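1. Requesting a structural model of the entry that follows:
(chains A and B)
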Number of protein chains: 2
Amino acid sequence: MNNKNTDNTSLYPDFLVSIINDRINQYIAEYNDAPCALKNAIRYSLQNGGKRFRPVLCALTAKSLGKNCEPVLPTACAIEFIHTYSLIHDDLPSIDNDDLRRGKPACHKKFGEDIAILTGDALFAEAFNIILRHQEANKDDLARVMLEISSASGADGMVAGQIVDVYYAGKKISGKMLEYMHSKKTGKLITASVRCGAVLSGASEDYINRFGQYAENIGLAFQIADDLIDLESTTAKTGKTTGKDMLQDKNTFPSMYGIEKSRKIASEKVSCAIEIINNMDIERSWLIKIAKFLLQRKN
Amino acid sequence: MNNKNTDNTSLYPDFLVSIINDRINQYIAEYNDAPCALKNAIRYSLQNGGKRFRPVLCALTAKSLGKNCEPVLPTACAIEFIHTYSLIHDDLPSIDNDDLRRGKPACHKKFGEDIAILTGDALFAEAFNIILRHQEANKDDLARVMLEISSASGADGMVAGQIVDVYYAGKKISGKMLEYMHSKKTGKLITASVRCGAVLSGASEDYINRFGQYAENIGLAFQIADDLIDLESTTAKTGKTTGKDMLQDKNTFPSMYGIEKSRKIASEKVSCAIEIINNMDIERSWLIKIAKFLLQRKN
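-> This next block holds a predicted model:
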């Protein structure tokens, strides 16, 4: 843990990022016996920087309930494994066809499409494996956490949103469908991160749901910020190819509502998230900061 | 259940296949709210025939321990979901590039590569989801079953074998590496099917391991049979493109040992499997029959 990063005036808890990275590195070391090509692609993809937004949220939820972050780290990191697998598959030529990820060649550009597809598959399996081997919790909470995560990832979760995204590229969709798409594609795993942090920290069902509503709001704000960054920023700043949504005729908040209204919607979602948190009896400062951070992010 | 199929003189328990298909159809119906493209691709891939070898093995293991098959069906079907996802991904152009699966267009030929990749991803998530929502068992057994399955699917399981398969295509490998590849690629999930059937039926740790050794042997025999079918059979008979292993310069038992020696190895593996079963205090007839079936299969 790097003390100079614990500056609480920052809107992003960078001190948590290094704790999470250390833990991810521990898990990566467990694949030393895996075939070299797989081990290298796993390491490359997981160590490729990133804000660790989802595990950070999971850990902050535990913190907001007066708990230490460490006990939730296996689940938090497992969710990052799933997020990483989804990025590898999203970047593939037949999906988003993106050559760059965080300023470096996407997994399939570095290792080939076959290895990239299979590395994504491995990361998904290993996410459940990490929880089962490393997450200390009573068995009910363990099953609950895996239910949250598998639901968030599957046919009614992340993949559903991604299918709608590719299927309707170039076709006009309703505002309702746009929100459905984003709430599944990005929102579900972000929501699962927060809900799992709450489950593992002994929150009541009512609080798990309230945390979930907070997360749904910031999940949408996060996606709108992503859409705006794709439109307004440069590849050099973001480390991924920008302007692609428009080129691929993707349905986004800015393409539907324009930049100013999209910003307003994001701001409303963040306000809504903060209001939910303000009505809860928790240590709320970091969850509020990270919500505000979303309105300022540039990459 | 179709009584005319319960003929016990057959080497394959066809009566179980219809029970398993009914259950898979029940689970498919739960995706009615998923996006159409995803729902259709899930249905197409899961209802595409198939021997249901893995769920059949899981159910037969329960039966061999004097239990009913029904209680293990959620896990048995979940494993078929994982097998189906792996076939969808294997058939992709960048991996095995196979246009046909069980006599019909492969998922990516029917729905496009993007939908195929994402459908595989969804099936994987849903496999865990089905166990978590439908498998009745004490929480320890539930966690154990998911550990078996996630280990069998991940970086030390199915994906490891698949990576070695694509990575070493066209390169010479040792007999030891060939066995490693097949034991991971095909063997691990087959072994997990049997071990999970045993776990859910209350077998002792010793028996779970012995069932596992039986399955490792028939898993290799299954793969050798697959290799021989690819070499000797016709596309019309198998419903998939035959002769591809040789065209793609894949490492197989016949390419390394020739046809006769491969047949002999398969036969030895089956004998070994049967010997293990014969030393166990179980109702062994079906597990012996299905092992013998592997030496006769033509597709």
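
2. Could you find the closest non-adjacent residue to residue A:126?
-> Distances taken as C-beta to C-beta, 6 or more residues apart in numbering or on different chains put residue B:154 closest to residue A:126, at 4.8 Å, once the chain neighbours are dropped. In this view, the C-beta of every residue, glycine as well, is placed from N, C-alpha and C.

3. check contacts around that neighbour.
-> Residue B:154 is in contact with A:122, A:125, A:126, A:129, B:160, counting by C-beta atoms under 8 Å, 6 or more residues apart in numbering or on different chains.

4. so the last one is in which element?
-> The reference is to residue B:160. Secondary structure assigned from DSSP states H and E places residue B:160 in helix B:158-167.

5. ok, and does that helix reach over to chain A?
-> Yes. Using C-beta under 8 Å from any C-beta of the partner chain, helix B:158-167 reaches chain A at B:159, B:160, B:162, B:163, B:164, B:166, B:167.

6. I'd like the residues you listed laid out as CSV, including pLDDT.
-> Conversion of those to CSV gives the following (pLDDT from 0 to 100):
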residue, pLDDT
B:159, 98
B:160, 97
B:162, 96
B:163, 96
B:164, 95
B:166, 93
B:167, 91
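
7. Can I have the buried ones of those residues as a ChimeraX selection?
-> Applying 16 or more other C-beta atoms under 10 Å in any protein chain shown to the residues of helix B:158-167 next to chain A leaves a buried subset, and the ChimeraX line that selects it is:
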select /B:159,160,162,163,164,166,167
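
8. Next, count neighbours for residue A:10.
-> 12 (other C-beta atoms under 10 Å in any protein chain shown).

9. If you drop the residues flanking it in sequence, what lies closest to it?
-> Counting by C-beta to C-beta, 6+ apart, residue A:289 is the residue found nearest to residue A:10 once chain neighbours are left out, at 7.8 Å.

10. buried ones in the helix or strand encompassing the one you found?
-> In this structure, residue A:289 is located in helix A:285-296 according to DSSP H and E. By 16+ other C-beta under 10 Å, the buried positions in helix A:285-296 come out as A:286, A:287, A:288, A:289, A:290, A:291, A:292, A:293, A:294, A:295.

11. so who does the last one touch?
-> Residue A:295 makes contacts with A:221, A:225, A:266, A:267, A:270, as judged by C-beta under 8 Å, 6+ apart.

12. ok, the last one touching residue A:222?
-> Read it as residue A:270. No. Under the criterion of C-beta atoms under 8 Å, residue A:270 is not in contact with residue A:222, lying 9.7 Å apart.

13. who touches both of those two?
-> Joint contacts of residue A:270 and residue A:222 (C-beta under 8 Å, 6+ apart) are residue A:294.

14. returning to that earlier point: the helix holding residue B:160 packs against which elements?
-> Packing partners of helix B:158-167 (3 or more C-beta pairs under 8 Å, 6 or more residues apart in numbering or on different chains; DSSP states H and E): helix A:36-46, helix A:113-134, helix B:73-91, helix B:175-182, helix B:188-200.

15. now the farthest one out in chain A, which residue is it?
-> residue A:33 (28.2 Å; C-alpha atoms, centre = their mean).

16. Is that one in a helix, a strand, or coil?
-> Secondary structure for residue A:33, judged by DSSP: H, G, I helix; E, B strand; the rest coil, is coil.

17. Torsion angles phi and psi at it?
-> Per-residue torsions, residue A:33: phi -90, psi 0 (degrees, to the nearest 10).

18. what's it in contact with, if anything?
-> residue B:156.

19. before we move on, the earlier item: worst average pLDDT in the helices and strands packed on helix B:158-167?
-> For the helices and strands packed on helix B:158-167, the weakest mean pLDDT is recorded on helix B:175-182, namely a mean of 94.

20. Would you mind pulling up the elements that it packs against?
-> So helix B:175-182, by 3+ C-beta pairs under 8 Å, 6+ apart, packs with helix B:158-167, helix B:205-232, helix B:253-278.

21. I'd like the ones you listed laid out as a markdown table, including distance to residue A:247.
-> Formatted as a markdown table, the helices and strands packed on helix B:175-182 follow (distance: least, C-beta to C-beta, whole Å):
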| stretch | distance to residue A:247 |
| --- | --- |
| helix B:158-167 | 31 |
| helix B:205-232 | 42 |
| helix B:253-278 | 45 |
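
22. Thanks a lot, see you next time.
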